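# Following is a predicted model, sequence given first.
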Amino acid sequence: MANYKYQIEDVIAWFLSKGSMTPKKLQKLLYYAYSWDMVFENEDSESLDTFLFNRKFQAWVHGPVIPEVWREYRSLGWNEIDQNEYKGPEFDEDTLDTLEQVWEEYGQFNGNQLESITHQEEPWKLARKDCLPLDRSATPICDKDIFQYYGKRLVEENV
């Protein structure tokens, strides 16, 4: 049985407390937080049971997207979501560390730069393998692919 640690709205609020950003940038930060948290919280790709939140990413043209989050902010288009003060629950130490690392690593990039980065990574590419560049797709990005790709990167970066 899956263990979902937090509500996605709380993770969104945490990122928005760091600064204003476009919906595209928010989507990519959520993707990296979800991905790296999965790597840190699970032993292997065969027994994935702990996740940052209960949402799955789809391999859209502009990178990984959670459809519910897209619908929430779609009226903004390319405009930024305002920065907010974080008023959510306190995250456990490991989760907060992961969120901070994601912000430090990826927060410097804009949405278009983050889109470009995700387009070079295996999980999104595998989910879109049968699509032309501008084809719409609701194909889920496989958690196992996410875990294996970022787990491998973690090992390579720590060698």
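Received it, and whenever you're ready, just let me know what you need. Just so we're clear, the structure is a prediction, and the values are computed from it rather than from any experiment.
# So residue 16 sits against residue 26, correct?
Yes. Contact status for residue 16 versus residue 26: in contact at 7.3 Å, counting by Cβ atoms under 8 Å. No exception for glycine: its C-beta is placed from N, CA and C like everyone else's.
# between those two, which one's more packed in?
residue 26 (24 against 19; other Cβ atoms under 10 Å).
# can you give me phi and psi for the more buried one?
Here is the backbone geometry of residue 26 (degrees, to the nearest 10): phi -60, psi -40.
# and it, how far is that from residue 33?
When Cβ to Cβ, to the nearest Å is applied, the distance between residue 26 and residue 33 equals 10 Å.
# Mutual contacts of the two, please.
Listed contacts common to residue 26 and residue 33 are residue 15; contacts here mean Cβ atoms under 8 Å, 6 or more residues apart in numbering.
# In terms of helix, strand or coil, where does the residue nearest to the spatial centre of the chain fall?
When the chain is reduced to its mean C-alpha position, the nearest residue by Cα atoms, centre = their mean turns out to be residue 31, at 0.7 Å. The assignment at residue 31 comes out as helix when based on DSSP: H, G, I helix; E, B strand; the rest coil.
# Near the closest residue to it other than its chain neighbours, how many other residues are there?
Of all residues beyond its chain neighbours, the one nearest residue 31 is residue 64 (4.1 Å), with distances taken as Cβ to Cβ, 6 or more residues apart in numbering. Summarising burial for residue 64: neighbours were counted as other Cβ under 10 Å, giving 27.
# quick one: contacts of the helix or strand bottoming out on mean pLDDT in the chain?
The least trusted helix or strand in the chain, going by mean pLDDT, DSSP states H and E, turns out to be helix 143-157, with a mean of 93. Residues outside helix 143-157 that contact it (Cβ under 8 Å, 6+ apart) are 34-36, 38-39, 42, 44-45, 48, 51, 56, 121-123, 126-127.
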